[in-house]
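Colleague: Coordinates for the following, if possible.
(chains A and B)
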2 protein chains.
Amino acid sequence: MNYNMKKVYKAHILFTKEVSRFEVLENGYLAVGPDGRVVGVSSDLASLDSGDAEVVDFGDCLLIPAMNDLHVHAPQYRNQGIAMDLELLPWLRNYTFPEEMKYADRAYAERMYRRFVRDLWRFGTMRACVFATIHTESTRLLMNLFLEAGMGAFVGKVAMNRHCPKELSESLDEMTKGYEELVAEFNEPEALVRPIITPRFIPSCSPNMLRSCGELAAKYQLPVQSHLSENKSEIALVQSLEPESSCYGDAYDQYGLFGQTPTVMAHCVWTDGEELELMKRRGVMVAHCPTSNFNLASGMAPIRKFLNEGLHVGLGSDISGGHDLSIFRTMVYAIQVSKILHQQNNERAFLSLSEAFWMATKSAGSFFGRVGSFEPGYEFDALVIDDRDLNHDNYSPLERLERFIYLGDDRQIAHRFCRGKIITEPK
Amino acid sequence: MNYNMKKVYKAHILFTKEVSRFEVLENGYLAVGPDGRVVGVSSDLASLDSGDAEVVDFGDCLLIPAMNDLHVHAPQYRNQGIAMDLELLPWLRNYTFPEEMKYADRAYAERMYRRFVRDLWRFGTMRACVFATIHTESTRLLMNLFLEAGMGAFVGKVAMNRHCPKELSESLDEMTKGYEELVAEFNEPEALVRPIITPRFIPSCSPNMLRSCGELAAKYQLPVQSHLSENKSEIALVQSLEPESSCYGDAYDQYGLFGQTPTVMAHCVWTDGEELELMKRRGVMVAHCPTSNFNLASGMAPIRKFLNEGLHVGLGSDISGGHDLSIFRTMVYAIQVSKILHQQNNERAFLSLSEAFWMATKSAGSFFGRVGSFEPGYEFDALVIDDRDLNHDNYSPLERLERFIYLGDDRQIAHRFCRGKIITEPK
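Modeller: Take a look at the predicted model:
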């Protein structure tokens, strides 16, 4: 296909412009400009003023925005779906840290990271906020693999220097030098793949390292990602390490790592009161990881409350605390968490399908720019869903989408687009 | 293959003879007698005294017991994965009951039931406790489809005559006549497919209908299945309908439907105290349906407590309250429920993988006879798992099984056996 001209795609189009409901265009048309951005959607081709644009007809397929994964650990990919019987600490000590050490080896990293990028692709995730490891060389490699694939990512070289094996500890100088190399290579503001400042979490970073992270974020105007208020013993540990802070989030804030630049914090299971207010004030985004929160017995994040309060929330797979790379299945888990909270505290409505979909698309996508919707000006990140094996009995387009989200998998994803371009299977 | 002689299968063999741990035989052998029952397993072929038995080598595959689904509604198959935003009552009124009415039409039933049986097969479920509808003719059809497939099932013509649309209400005479027809056709005690007495639940059946159900169970020595203590408003309704009963379970008990013959009750989310004691005394089995309990915001069944108390527990998909037909994924949900309860009531350990696997195999299998283990004398119900697409990095057999349970799907199930015979895809 020639991407230097306007294109029109025909399919059953579904997206969530608003959180509370789906836009559904049965046999609709979507026009994409030569810049890879949506020009418009309509049920009437003529109204799109598409001139002699090529019309690609996806027949009876569904066309939806692509998925965004706001929290995933690429070097934990080998551990996906194992050791789920362990509690957090033995899991870190016996599985996670030993695995991350292997990424000092570029060849090992390449073998694993290629699989990781390919599987993100398989499940229709076109943008991701990724934790790598401390290793600059394999982090660079991962960034190049995303570029090669044509998929969007913020990739974080992980900063850590305490409460961890010495092989995963870096000096301040090495950390800074590593980031500056990556910034020099990748930090075009509009680039599809960019670095993100990634202190692992407060307990893993000395105050000096946290301060340097904040300074790097400010100096290079880089976004920030980390973990926040995932479980109660972690929160108590942070309080003991940062006794002057008024809450976990405030500890990040002291170091310029809490919304001074665009920031996403994973989990926020126990975020409330002052921390919640600070997140609102700073525009800090929540990466809700319900699968992981189940598997690690962390608790259930009060997403209904966060949405009511106006927090920005997206979804994260959190491999390998989470076991499932599919953001569609993560939506199901998000709805289920909210149903348990609804059952336990009867006053709050549970999340609807459109709310979960909106979180995974338009809301999470906002961290990457104008991504996650089919409104004019949005980058065309999209999936074509061929669900004929699930659609055996005249379901409506919205029922078909719901069934695909609940029952489907990679087999129904027929095509993937990122920034207007079709993305073929990464090598 | 000739099934009239002993066979030996070679693979990595895993099963749960005991609840607390896996038996793992790397490159093990399993001998099956001409009666379709396991003769023994060993790492040493010679010790199996297999003479000139044909050895079928499954290479690097895993060999595990097949899955058993203790609670599933076959006529809700069309509704799988839709209308999940609805609460129980509008869901029943607008989706479930109208769908079940269609099963008065034999042609519709055949189209849907063939898909249902094929998909149970796909996901490796070789035995199931199934709710059909009130319609004798389509229930008979479903039983014949199971027989044709060679898969085991207790199939329940549903008894109901109140609090439901008139199209789903049957007279006592029709109900009794329908059951007696099916009993005459299918009630060999050793048959693979048998009827099961299935009052929908207390609110759907008049006292006379419940009494007739209990009498039929006693007269023909038929097992019983129903729903129990799924959600709090249902429990209150039962109390108002059966004011003399001391608990929901006791209401069934009054009618001879609570362990007088082998009985399985779905959900038991709120079972405690007297009801729990009665279930223990009567040997009533629990069909734990965690997926459905999430989706319908019913609550979380205290399975750790049930196991500690010595209750018999198996797993159910509960389509279409549950959205997922895979009992493997149901295991994951069962573990996750137990992790939330663990987090909320810190004293109880969460379920381990072996406990979840044991519930789905040996424990659930006990409802069907000697099913669900590879101990001598057990019927050979088994799955061959070819997980090469998940096993890219030298995992141990047990890690491979865990990964398959958490990440896998029907694609990795290479062969299925029921009662010693290989089961090919149903038509």
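Colleague: Without its sequence neighbours, what residue ends up closest to residue A:228?
Modeller: Counting by C-beta to C-beta, 6 or more residues apart in numbering or on different chains, residue A:265 is the residue found nearest to residue A:228 once chain neighbours are left out, at 3.8 Å. All C-beta spots, glycine's among them, are computed from the backbone N, C-alpha and C.
Colleague: That should have said residue A:407, apologies.
Modeller: residue B:81 (4.5 Å).
Colleague: what sits against the one you found?
Modeller: A:390, A:402, A:403, A:405, A:406, A:407, B:320, B:323 (C-beta atoms under 8 Å, 6 or more residues apart in numbering or on different chains).
Colleague: With respect to residue A:212, which of those residues is nearest?
Modeller: Ranked by distance to residue A:212 (C-beta to C-beta), the contacts of residue B:81 are led by residue A:405 at 41.7 Å.
Colleague: The closest one: which element?
Modeller: For residue A:405, the element it lies in under DSSP states H and E is helix A:397-407.
Colleague: Same question for residue A:144.
Modeller: helix A:136-149.
Colleague: what about that helix, distance to the chain center?
Modeller: Per C-alpha atoms, centre = their mean, to the nearest Å, the displacement of helix A:136-149 from the mean C-alpha position of its chain is 17 Å.
Colleague: next SSE after that helix?
Modeller: Next along the chain after helix A:136-149, taking DSSP H and E as the criterion, comes strand A:152-156.
Colleague: so what strands line up beside that next one?
Modeller: In the sheet, strand A:152-156 lines up against strand A:125-131 (parallel), strand A:193-195 (parallel) (DSSP bridges).
Colleague: what about that strand, average pLDDT?
Modeller: Averaged across strand A:152-156, pLDDT comes to 98.
Colleague: circling back to that earlier point, for the helix or strand that comes right after the helix holding residue A:405, list every residue counted as buried.
Modeller: On the C-terminal side of helix A:397-407, the closest following helix or strand by DSSP H and E is strand A:413-418. Judged by neighbour count (16 or more other C-beta atoms under 10 Å in any protein chain shown), strand A:413-418 contains these buried residues: A:413, A:415, A:416, A:417, A:418.
Colleague: for stretch A:313-333, same thing?
Modeller: Within stretch A:313-333, the residues scored as buried using 16+ other C-beta under 10 Å are A:313-333.
Colleague: Which positions in the helix or strand encompassing residue A:251 come out as buried?
Modeller: Using DSSP H and E, residue A:251 falls within helix A:248-254. Buried residues in helix A:248-254, counted by 16+ other C-beta under 10 Å: A:248, A:249, A:250, A:251, A:252, A:253, A:254.
Colleague: likewise stretch A:80-94?
Modeller: In terms of neighbour count (16+ other C-beta under 10 Å), stretch A:80-94 has its buried residues at A:80, A:81, A:82, A:84, A:85, A:86, A:88, A:91, A:92.
Colleague: Which pLDDT value goes with residue A:1?
Modeller: Per-residue confidence (pLDDT) for residue A:1: 48.
Colleague: what's the answer for the one 5 residues further on, then?
Modeller: The score at residue A:6 is 89. That number is its pLDDT.
Colleague: Go ahead and confirm it touches residue A:33.
Modeller: Yes: shown here, residue A:6 and residue A:33 form a contact pair, counting by C-beta atoms under 8 Å, at 5.7 Å.
Colleague: Now do the shared contacts for these two.
Modeller: Counting by C-beta under 8 Å, 6+ apart, the common neighbours of residue A:6 and residue A:33 are residue A:39.
Colleague: Just give me the neighbour total for residue A:163.
Modeller: 16 (other C-beta atoms under 10 Å in any protein chain shown).
Colleague: pretty sure it is in a helix, no?
Modeller: No: under the criterion used here (DSSP: H, G, I helix; E, B strand; the rest coil), residue A:163 is coil, not part of a helix.
Colleague: Leaving out chain neighbours, which residue sits closest to it?
Modeller: Leaving aside its sequence neighbours, residue A:163 sits nearest to residue A:203 (C-beta to C-beta, 6+ apart; 5.1 Å).
Colleague: Return the distance of the one you found relative to residue A:237.
Modeller: Distance, residue A:203 to residue A:237, using C-beta to C-beta, to the nearest Å: 5 Å.
Colleague: Spell out which residues of the stretch 251-400 of chain A are next to chain B.
Modeller: Neighbours of chain B within the stretch 251-400 of chain A, by C-beta under 8 Å from any C-beta of the partner chain: A:294-300, A:323-324, A:332, A:335-336, A:339-340, A:342-343, A:350, A:352-353, A:390, A:392-393, A:395, A:399.
Colleague: Now the buried members of those residues.
Modeller: A:294-300, A:323-324, A:332, A:335-336, A:339-340, A:342-343, A:350, A:352-353, A:390, A:395, A:399.
Colleague: For chain A, which residues score under the pLDDT cut-off?
Modeller: A:1-4, A:347 (pLDDT under 70).
Colleague: Could you chop it up by domain?
Modeller: A:7-66+A:372-422, A:67-368 (automatic domain parsing).
Colleague: what residues are up against residue A:113?
Modeller: Taking C-beta under 8 Å, 6+ apart as the test, what residue A:113 contacts is A:74, A:77, A:138, A:141, A:142, A:145.
Colleague: What is the nearest of those residues to chain B?
Modeller: Distance to chain B across those (C-beta to the nearest C-beta) is lowest for residue A:77, with 9.5 Å.
Colleague: OK, contacts around that closest one?
Modeller: Per C-beta under 8 Å, 6+ apart, neighbours of residue A:77: A:112, A:113, A:115, A:116, A:119, A:319, A:320.
Colleague: Is residue A:159 bridged to anything, and to what?
Modeller: Residues in a beta bridge with residue A:159, per DSSP bridges, are residue A:199.
Colleague: burial count for it?
Modeller: Other residues near residue A:159 come to 25 when the count uses other C-beta under 10 Å.
Colleague: Can you classify residue A:22 by secondary structure?
Modeller: strand.
Colleague: Do I have it right that it meets residue A:15?
Modeller: Yes: with contacts counted by C-beta under 8 Å, residue A:22 reaches residue A:15, the gap being 7.1 Å.
Colleague: Which neighbours do those two have in common?
Modeller: In contact with both residue A:22 and residue A:15: no residue, using C-beta under 8 Å, 6+ apart.
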